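Here is my input; please provide its structure:
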Amino acid sequence: MKRKTFLIVLVLISLAFLFLFPFAGTVSIPFSSLFEDSVKSKIFWDIRVPRVLGAFITGSILALAGMAFQSLFRNDLATPYTLGISSGSALGAVIAIKFITLSGTFHYSVIQVFSFTTALLTVIFLHLLTFKKRAESTYLLLLAGIAVNFTCTGAILFIQYIASGSESSRMVRWMMGSIDFIGYGSVFKLIPPLFFLLALLFYFHRDLDLISIDTEIAVSRGVNLAITEKAVFFVVSLAVAVTVANTGPIGFVGMIAPHIARKLIGREHRYLIPSSMMSGGILLLFSDTVARTIIPPSEIPVGVITAMSGGPFFIFILMRKGKNG
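Numbers count the residues shown, from 1 in each chain. Got it, this is the predicted structure:
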């Protein structure tokens, strides 16, 4: 009963945030003007509502991805970026910025295509590295991901070094992560990854319960580790790739939100999945609202806010593990 109560509370908080936060901003928008043909109405429906929805969906995807990787690797510090997928995506973005000389909206779409493509290549490369090592696949996957992360980061630094000042500035701005959606196009791109991610995780929720305890126990209870691990790895990685291609890398949400959910709900995945999703959505939506209102009329990239709050949280988790270990 306690877990269901927490879920209801999270649903109510999510709905309240989704309703109230579009009203937050430098321009005051009264409720009475929402259905008028006015500038304020257009700001509300075409800018603020898509941004609020985009922030919630992005946070939900990152939190679900973090929860899945933490269960898969049995490591509470695992995140959607542990395997270098985010760095691979960022590498594609900086390549597009440096070597593809286009402008305007089409240029941004090219950045998204390059970002997603390199993230996809990273996922395929990691799979090819580890698929023959079934007994140690998750361990090797984690190590390979760390190596890929450092390699891509080095390549990004090199491209930044040879880039012009304006190109380097755009690279840094993209890699800070931002949810500056205008219109519903980017929001619609994020709905399918969220849907497929939720469907997959609910389908494998019992397997994830057992894998997060011990792989031998999971096998003894009839879990097909090869199928479960590959399915979760590929779908989660592709969802993260689509998300990062649209928003840039936004760190720590995938680590913090599942921890909050576990404290509230426990480790049973049929409850942990929806609570992680809503916790991530609430966390990123709140962070993005702070980012765009704290120093009006300018705004801070939301990745800066999540990094500033996530860093101390990461240290807190490490200290707790040290005490328990």
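
From start to finish, how long is stretch 15-30 in a straight line?
In stretch 15-30, first residue to last residue: 19 Å (Cα to Cα, to the nearest Å).

Please read the previous query as pertaining to stretch 12-28.
By Cα to Cα, the extent of stretch 12-28 from end to end equals 25 Å.

Report the distance from that stretch to the chain centre.
21 Å (Cα atoms, centre = their mean, to the nearest Å).

Now that stretch: average pLDDT?
Averaging pLDDT along stretch 12-28 yields 94.

Likewise for stretch 195-202?
96.

That one: which residues count as buried?
By 16 or more other Cβ atoms under 10 Å, the buried positions in stretch 195-202 come out as 197, 198, 200, 201. Backbone N, C-alpha and C define where each C-beta goes, glycine included.

ditto for stretch 178-187
Buried-residue list, stretch 178-187, by 16+ other Cβ under 10 Å: 178, 179, 180, 181, 186, 187.

Contacts only, for the second one.
What it means is residue 179. Contacts for residue 179 (Cβ atoms under 8 Å, 6 or more residues apart in numbering) come out as 51, 54, 55, 58, 247, 250, 284, 288, 302.

taking the mean pLDDT, what do you get for the helix or strand harbouring residue 289?
Here residue 289, judged by DSSP states H and E, is contained in helix 269-293. Helix 269-293 comes out with an average pLDDT of 95.

other SSEs contacting it?
helix 2-20, helix 49-73, helix 185-203, helix 205-213, helix 253-265, helix 302-324 (3 or more Cβ pairs under 8 Å, 6 or more residues apart in numbering; DSSP states H and E).

from the contacts of residue 179, which is closest to residue 232?
Using Cβ to Cβ, residue 58 is the member of the contacts of residue 179 that lies nearest residue 232, at 19.8 Å.

how much space between that closest one and residue 119?
15 Å (Cβ to Cβ, to the nearest Å).

Then residue 309?
Where residue 119 is concerned, residue 309 sits at a distance of 25 Å (Cβ to Cβ).

quick one: which of these two has more around it?
Shown here are residue 309 and residue 119; by other Cβ atoms under 10 Å, residue 119 has more neighbours (28 against 17).

Hmm, the more buried one is touching residue 84, no?
No - the criterion here is Cβ atoms under 8 Å, and residue 119 misses it with residue 84 at 9.3 Å.

Residue 90 and residue 273: what is the separation?
28 Å.

what about these two, which has more around it?
Legend: neighbour count by other Cβ under 10 Å for residue 90 and residue 273, higher for residue 90 (27 against 24).

circling back to that earlier point, so what's the gap between the helix holding residue 289 and the chain middle?
That offset, for helix 269-293, works out to 10 Å (Cα atoms, centre = their mean).

buried ones in stretch 140-153?
Those would be 140, 141, 142, 144, 145, 148, 149, 152, for stretch 140-153 by 16+ other Cβ under 10 Å.

which residues touch that stretch?
In contact with stretch 140-153 (Cβ under 8 Å, 6+ apart) are residues 73, 75, 78, 81-88, 90-91, 122, 125-126, 129-130, 133, 233.

taking these one by one, which sit in helices?
73, 85-88, 90-91, 122, 125-126, 129-130, 233 (DSSP state H).

biggest separation within these, which pair?
73 and 91 (23.1 Å).

circling back: and the buried residues of stretch 195-202, which two are furthest apart?
198 and 200 (7.4 Å).

Grab the nearest non-local neighbour of residue 260.
Distances taken as Cβ to Cβ, 6 or more residues apart in numbering put residue 279 closest to residue 260, at 4.8 Å, once the chain neighbours are dropped.

Return the residues in contact with the one you found.
10, 63, 257, 258, 260, 261, 264.

I'd like to know how far it sits from residue 116.
For residue 279, the distance to residue 116 - Cβ to Cβ - is 26 Å.

same thing with residue 169?
Distance from residue 169 to residue 116, by Cβ to Cβ: 23 Å.

higher neighbour count, these two?
Neighbour tally, residue 169 and residue 116, criterion other Cβ under 10 Å: the higher count belongs to residue 116, 21 against 13.

tilt between the strand or helix carrying residue 142 and helix 49-73?
Assigned by DSSP H and E, residue 142 belongs to helix 137-162. Between helix 137-162 and helix 49-73, the angle comes out at 130 degrees (axes from the mean of the first three to the mean of the last three Cα atoms, to 10 degrees).

Could you point out which of the contacts of residue 279 is nearest to residue 241?
The nearest member of these to residue 241, counting by Cβ to Cβ, is residue 63 at 16.2 Å.

residues in contact with the spatially most central residue of the chain?
Residue closest to the mean C-alpha point of the chain, counted by Cα atoms, centre = their mean, is residue 62 at 2.6 Å. Residue 62 makes contacts with 80, 240, 243, 250, 253, 254, 257, 280, 284, as judged by Cβ under 8 Å, 6+ apart.

For it, give its distance to residue 310.
11 Å.

Which neighbours do those two have in common?
residue 253.

got the buried residues of stretch 195-202 as JSON lines, with distance to residue 226 columns?
As requested, these are exported to JSON lines (distance: Cβ to Cβ, whole Å):
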{"residue": "197", "distance to residue 226": "20"}
{"residue": "198", "distance to residue 226": "23"}
{"residue": "200", "distance to residue 226": "16"}
{"residue": "201", "distance to residue 226": "18"}
